[in-house]
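Student: here's my sequence, what's the structure:
(2 chains, ligands or ions: 2)
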Amino acid sequence: MEISFKNVDYTYQPNTPFEHKAIRNLSFKVASGTFVAIVGHTGSGKSTVIQHLNGLLTPTYGEVSIGDYKLTPEKKIKNIKDLRKRVGVVFQYPEHQLFEETIEKDIAFGPKNFGANEEAIKERIIEVMQSVNLPEQLLTRSPFDLSGGQMRRAAIAGVLAVDPEVLVLDEPTAGLDPRGQRDMMEMFYRLHHSKKLTTFLVTHSMEDALEYADHVIVLDKGTKFMEGKPSEVFLRQKELNEVQLDIPEVIKILFKVKEKLGISLSYKGQSTYDLACELKAALGGGSTNE
Amino acid sequence: MNNALIIGQYVPSNSFIHRLDPRTKIVIIFFFVIFVFFANSVASYGLLTLFSISSALATKIKLSFIIKGLTPVWILIIFTFILHLIVTKEGEVLFEVFSYPIFSGAVILGAAIALRFFLLILVTSLLTLTTTPIEITDAIEHILQPLNRIKFPVHELALMMSISLRFIPTLMQETEKISKAQASRGVDFKTGPMKDRIQAIVPLLVPLFISAFKRAEELAMAMEARGYQGGDGRTKLRELKIERRDWLTFFGFALVILSLFLTRS
Ligand SMILES: Nc1ncnc2c1ncn2[C@@H]1O[C@H](COP(=O)(O)OP(=O)(O)O)[C@@H](O)[C@H]1O
Ligand SMILES: [Mg+2]
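Tutor: Ligands and ions are numbered 1, 2, ... in the order given. Here you go, the predicted structure:
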């Protein structure tokens, strides 16, 4: 679904001494099927932005459109449940939402709420267990017997089971070990393509943003600081440092190579391996053992 | 949390009332609650109203915010007033509503009770609006100190209080987070038949209890790891001190009480 924000403001607890403007004058537009990364310092409003995508929050000013659904301050949309079925949100630490006696029941909870029939739910459960890489034997176990990483996967399966068209991920890999982080990102990337999803990823990892996203939105103090292709945005080191963000390792290395060796390689989204080969060629060959 | 009841919320500021010793505030409110029941004339009620409103103004918190924050209490106050109109049958009949007689005594009594109720709630909520929960527990521990002699566990009580108070905001945040997560999975907390709405509470309560127990366990472990053992010989990080402004306040309050007895009929 195509998603757009038009001059959106969002204020928490308006008209109280605790009033806090978390988003100001934010506009962007994302085509259907895009993998979007939202990056920004803690408190920059990332989580507030994504809660607009399934109508948990409605803008205090401006307009948010998700496909045909419009969120405006004036009127509530009636078919909010329909919107929530089509936009799945995986919150930070999603394992905190588990509550059923068995994993099977917990995964079935979402689809059931959205009115799917028993047959369809059964099929979905098998499918999503495979997607999140959990063995089927676990279905009859209590979610609270699992390891932390498995709990996270089970919770994500519960969101995927609804079969959303838009998948929103709020720091989905926080607190996992490096291997687990990698596996999980690969999983989301696979799903993004196989299910033709529109994906929003909130992340602190510039590496992930560079590697997986088609489009990056950089937030600072509730407003858009930069936007564009990751391979372009992440070249702007100075500006990113201004808002307490770093650039990915790969690009840092490129800058260093230029600074120390005077060789300028252009970054076009190559892999580290390809870059190393280019560098080798630029340095004039040599043996292949590096 | 929009438009939530403000009782129990702390609003930071640097007003005179904020800087008072918490014990001063608690003692004054304690006596205020008693003396409210002594008011029996227009003048004495006027005096107490004046005292309450000026205290509220002195907190530098917007009066409109306080009044709006008491909305649920307003409903109760109005309900009390109407109940009095219906059941009290004193004085003369003022007028009739749907041929039901309303007595003058009922109006006066109803208004007095409603006002009394309002003043009590207003003044007590000023305490929590201007005093951090930690200050309140410190003050209570101090005030209850004499009970230590009869082996009453004052320190433990205060600790329990401060831990519970400390975790109220955390639990509220947690509730909001989990209810948002479940709402995203199609739970409807706000509409639909009563039966469904009650069922919708389960997916909220289970995770909430689990995280509360986890937190409690972690906190106990952390306290033990640092060798915590309360009570005797433990010094305080924040010393409470009665200053000149506290004496001034006590004096001012004494004057108000004196005038109260002079204006009683
Ligand atoms: N429920 C809330 N009530 C009041 N303020 C909030 C609430 N949630 C977030 N905020 C504030 O809004 C700002 C943006 O928060 P958030 O969107 O969570 O940032 P991020 O996800 O980028 O860390 C922060 O300053 C935060 O303190
Ligand atoms: Mg966040």
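Student: name the residues of chain A found near chain B, please.
Tutor: A:13-18, A:51, A:54, A:56, A:81, A:84-85, A:88-89, A:91, A:94, A:96-99, A:109-110, A:112-114, A:144, A:158-159, A:162 (Cβ under 8 Å from any Cβ of the partner chain). Using the backbone N, CA and C atoms, a C-beta is placed for each residue, glycine as well.
Student: just the buried ones from those residues, in ChimeraX syntax?
Tutor: In ChimeraX syntax, the buried subset of these is picked out as below (16 or more other Cβ atoms under 10 Å in any protein chain shown):
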select /A:16,51,54,56,81,84,85,88,89,91,94,96,97,98,99,109,110,112,113,114,158,159,162
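Student: the residues of chain A next to chain B in helices, which ones?
Tutor: Taking DSSP state H as the definition of helices, the residues of chain A next to chain B contribute A:81, A:84, A:85, A:109, A:110, A:112, A:113, A:158, A:159.
Student: farthest-apart pair in these, please.
Tutor: A:81 and A:158 (16.6 Å; Cβ to Cβ).
Student: show the pLDDT at residue 190.
Tutor: The chain I'm using is chain A. Looking at residue A:190, its pLDDT reads 94.
Student: switch to chain B, please.
Tutor: Predicted confidence (pLDDT) for residue B:190: 75.
Student: now do the one 3 residues further on
Tutor: The confidence metric pLDDT takes the value 77 at residue B:193.
Student: swap in residue B:41?
Tutor: Per-residue confidence (pLDDT) for residue B:41: 89.
Student: ok, residue B:159 next?
Tutor: pLDDT at residue B:159 comes out at 86.
Student: other SSEs contacting the strand or helix carrying it?
Tutor: Element membership for residue B:159 (DSSP states H and E) is helix B:154-184. Judged by 3 or more Cβ pairs under 8 Å, 6 or more residues apart in numbering or on different chains; DSSP states H and E, helix B:154-184 is in contact with strand A:87-90, helix B:133-144, helix B:202-225.
Student: out of those, which is closest to ligand 1?
Tutor: Of all those, strand A:87-90 sits nearest to ligand 1, with 13.1 Å by Cβ to the nearest ligand atom.
Student: quick one: that closest one near ligand 1?
Tutor: No - judged by Cβ under 6 Å from any ligand atom, strand A:87-90 and ligand 1 are separated, with a smallest distance of 13.1 Å.
Student: using PDB, write down the CA coordinates of that strand.
Tutor: Provided in PDB are the C-alpha atoms of strand A:87-90 (Å, rounded to 0.1, in the frame of the first residue of the first chain):
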ATOM      1  CA  VAL A  87      -0.900  -3.300   8.700                       C
ATOM      2  CA  GLY A  88       1.000  -5.700  11.100                       C
ATOM      3  CA  VAL A  89       3.100  -4.100  13.800                       C
ATOM      4  CA  VAL A  90       5.900  -5.800  15.600                       C
END
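Student: residue B:21 reaches residue B:243, doesn't it?
Tutor: Yes - Residue B:21 lies in contact with residue B:243 (Cβ atoms under 8 Å); the separation is 7.0 Å.
Student: mind checking which of these two has more residues around it?
Tutor: More crowded of residue B:21 and residue B:243, by other Cβ atoms under 10 Å in any protein chain shown: residue B:21, with 20 against 12.
Student: skip the chain neighbours and tell me the closest residue to the more buried one.
Tutor: Distances taken as Cβ to Cβ, 6 or more residues apart in numbering or on different chains put residue B:246 closest to residue B:21, at 5.0 Å, once the chain neighbours are dropped.
Student: what does the helix or strand containing the one you found contact?
Tutor: For residue B:246, the enclosing helix or strand under DSSP H and E is helix B:244-263. Helix B:244-263 is contacted from outside by B:16, B:19-21, B:24, B:27-28, B:31-32, B:35, B:38-39, B:41, B:43-44, B:46-48, B:51, using Cβ atoms under 8 Å, 6 or more residues apart in numbering or on different chains.
Student: from the residues you listed, which land in helices?
Tutor: Cross-referencing those against helices under DSSP H gives B:16, B:19, B:24, B:27-28, B:31-32, B:35, B:43-44, B:46-48, B:51.
Student: which one among those residues gets closest to ligand 1?
Tutor: For those, the residue nearest ligand 1 by Cβ to the nearest ligand atom is residue B:19; the value is 26.3 Å.
Student: now for that closest one, how many residues are close by?
Tutor: Residue B:19: 12 neighbours (other Cβ under 10 Å).
Student: so who does it touch?
Tutor: By Cβ under 8 Å, 6+ apart, the residues touching residue B:19 are residue B:245.
Student: could you pull out the strands for chain A?
Tutor: A:3-12, A:20-30, A:35-40, A:61-66, A:69-71, A:87-90, A:166-170, A:198-202, A:215-220, A:223-228 (DSSP state E).
Student: returning to that earlier point: specify the next element, helix or strand, located C-terminal of the helix holding residue B:159.
Tutor: helix B:194-199.
Student: contact partners of that following helix?
Tutor: By Cβ under 8 Å, 6+ apart, helix B:194-199 touches B:188, B:189, B:190.
Student: hang on, the first one packs against residue A:81?
Tutor: If I follow you right, that is residue B:188. Yes - using Cβ under 8 Å, residue B:188 is in contact with residue A:81, at 6.9 Å.
Student: and the gap between the residue of the stretch 51-200 of chain B found nearest ligand 1 and chain A?
Tutor: Of all residues in the stretch 51-200 of chain B, residue B:176 sits closest to ligand 1, at 6.2 Å by Cβ to the nearest ligand atom. Residue B:176 sits 10 Å away from chain A, going by Cβ to the nearest Cβ, to the nearest Å.
Student: and for residue B:224?
Tutor: Distance of residue B:224 to chain A, computed by Cβ to the nearest Cβ: 23 Å.
Student: repeat that for residue B:193.
Tutor: Taking Cβ to the nearest Cβ, one finds residue B:193 at 15 Å from chain A.
Student: got phi/psi on that residue?
Tutor: phi -70, psi 150 (degrees, to the nearest 10).
Student: what about it, distance to residue B:187?
Tutor: 14 Å (Cβ to Cβ, to the nearest Å).
Student: for the two, indicate the residue with more neighbours.
Tutor: residue B:187 (24 against 8).
Student: list the residues that contact the closest residue to the more buried one other than its chain neighbours.
Tutor: Distances taken as Cβ to Cβ, 6+ apart put residue B:200 closest to residue B:187, at 5.0 Å, once the chain neighbours are dropped. By Cβ under 8 Å, 6+ apart, the contact list for residue B:200 reads B:182, B:187, B:188, B:189.
Student: tally of neighbours for the last one?
Tutor: What that stands for is residue B:189. 14.
Student: next: the third one.
Tutor: The number of residues packed near residue B:188 is 15, by other Cβ under 10 Å.
Student: the nearest residue to it once chain neighbours are set aside and residue B:34: what is the separation?
Tutor: Computed as Cβ to Cβ, 6+ apart, the closest residue to residue B:188 that is not its neighbour in sequence is residue B:200, at 6.5 Å. According to Cβ to Cβ, residue B:200 and residue B:34 sit 44 Å apart.
Student: ok, residue B:62 - contacts?
Tutor: By Cβ under 8 Å, 6+ apart, the neighbours of residue B:62 are residue A:17.
Student: and if we set it to 7 Å?
Tutor: Listed by Cβ atoms under 7 Å, 6 or more residues apart in numbering or on different chains, the contact set of residue B:62 is empty.
Student: worst mean pLDDT among the helices and strands packed on helix B:154-184?
Tutor: For the helices and strands packed on helix B:154-184, mean pLDDT drops lowest on helix B:133-144, to a mean of 88.
Student: if you count contacts, what does that helix end up packed against?
Tutor: helix B:22-35, helix B:154-184 (3 or more Cβ pairs under 7 Å, 6 or more residues apart in numbering or on different chains; DSSP states H and E).
Student: where among these is the average confidence lowest?
Tutor: When these are compared by mean pLDDT, helix B:154-184 comes last with a mean of 88.
Student: low-confidence regions, chain A specifically.
Tutor: By pLDDT under 70, the low-scoring segments of chain A are A:269, A:285-290.
Student: right, I'll leave it there.
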